[in-house]
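Undergrad: Predicted coordinates and the sequence they were generated for:
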Amino acid sequence: MGSVLESLGDNKLYRFNHLISSLRDEVEKKCNFINAYLTFSKPSMQKDDPSYIQRDVSSCYLKYVEHPLPDLISDIMDKCENVEENMSPSDEDTPESHIVALLKEWAEDNNSSPDLTLSIRKSEDSYECAYAMYFRSRYLRPLFYLSKDEALSRIAPTRLGEFLLENEDATTEFINYMTNNDKIFKDLRFQKNLLTFQGVVRNYKLFADLGGKEIMVNPNKQDSLWIQREVSFYLGFTIRGLVAFSIRTKNTKQGPLKSCASCGSVMDSNWTATTPAWRTEQGILTYR
């Protein structure tokens, strides 16, 4: 507890060492929850939490617990890489442990495994028990995407830093804008690294074709499911489980899909040429 007392700047306060020590567990528990709250969710797709909240929580945690606040994304990846690691009894039914299990299945190329549906359901059930009541009004951040690489390399963290390193012309503000408006998937450099999946929208639900089986997947944007159609999309993970991103109509014709500046960001479409109807009213030619 020396770091807390030293920050107060009065040696006489060391007599409160026992009191401050007794607060450590409570501070650690609350800071860990806020860390998860900020890491796994944000107010909305277009809005982030104020940056000072994370700074204050990290500072408080360091003073009382005397080591840095855990990086939850790195912790999940470390557990995925350590195949032999055994979960402690307290970790076995956390959303984080179920995400680790789900990521390992994908890394081992078991997307046709009969256990995949069960793993997805367990992940969603664990989230509902642990976080749903706190995160329900918030947007769940994408944590990982599925890339075209092999083994664990196919699990791609969604951190902006890696994208910025590869694209010196892109600023943090620009990447945030692209991500917050779901436009990041239109970047060709981004597309070439992600694995494309196929599926169908039916009854306002998305069913992905995974290993020859239809599995229902949550969409990143619910308004992508308004029209029943065959679709393609990318898959990623939030703390709740598997999520489909950039859902678009599957191109069943030869050649690229056409789009225009005003509606290209809404939905890709197969365009059909039409002849406008016209009529003359009071000497004025009008089209409709």
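TA: Done, it's in. Numbers count the residues shown, from 1 in each chain.
Undergrad: Please enumerate the helices of the stretch 151-288 of the chain.
TA: 160-166, 172-180, 188-191 (DSSP state H, counting those that start in this stretch).
Undergrad: Need the CA coordinates for the shortest one. PDB is fine.
TA: Spelled out, it's helix 188-191. Extracted in PDB, the C-alpha atoms of helix 188-191 (Å, rounded to 0.1, in the frame of the first residue of the first chain):
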ATOM      1  CA  LEU A 188      -9.700  -3.100 -49.700                       C
ATOM      2  CA  ARG A 189      -6.700  -3.500 -47.400                       C
ATOM      3  CA  PHE A 190      -9.000  -4.600 -44.700                       C
ATOM      4  CA  GLN A 191     -11.000  -6.900 -46.900                       C
END
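Undergrad: so where is the stretch 101-250 of the chain shaky, pLDDT-wise?
TA: Residue ranges of the stretch 101-250 of the chain with pLDDT under 70: 107-115, 151-153, 159-170, 172.
Undergrad: Show me which positions of stretch 36-45 end up buried.
TA: Residues 36-42 are the ones in stretch 36-45 that count as buried (16 or more other CB atoms under 10 Å). (C-beta placed from N, C-alpha, C; glycine too.)
Undergrad: ditto for stretch 55-64
TA: Those buried within stretch 55-64 under the rule 16+ other CB under 10 Å are 57, 60-64.
Undergrad: could you give the mean pLDDT of that stretch?
TA: Averaged over stretch 55-64, pLDDT sits at 93.
Undergrad: Could I get the CA-only coordinates of it as PDB?
TA: Provided in PDB are the C-alpha atoms of stretch 55-64 (Å, rounded to 0.1, in the frame of the first residue of the first chain):
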ATOM      1  CA  ARG A  55      -7.100   6.800 -17.100                       C
ATOM      2  CA  ASP A  56      -8.600   7.300 -13.700                       C
ATOM      3  CA  VAL A  57      -9.500   3.600 -13.200                       C
ATOM      4  CA  SER A  58      -5.900   2.600 -14.200                       C
ATOM      5  CA  SER A  59      -4.400   5.100 -11.800                       C
ATOM      6  CA  CYS A  60      -6.600   4.000  -8.900                       C
ATOM      7  CA  TYR A  61      -5.900   0.300  -9.600                       C
ATOM      8  CA  LEU A  62      -2.100   0.900  -9.700                       C
ATOM      9  CA  LYS A  63      -2.100   2.700  -6.400                       C
ATOM     10  CA  TYR A  64      -4.100   0.200  -4.500                       C
END
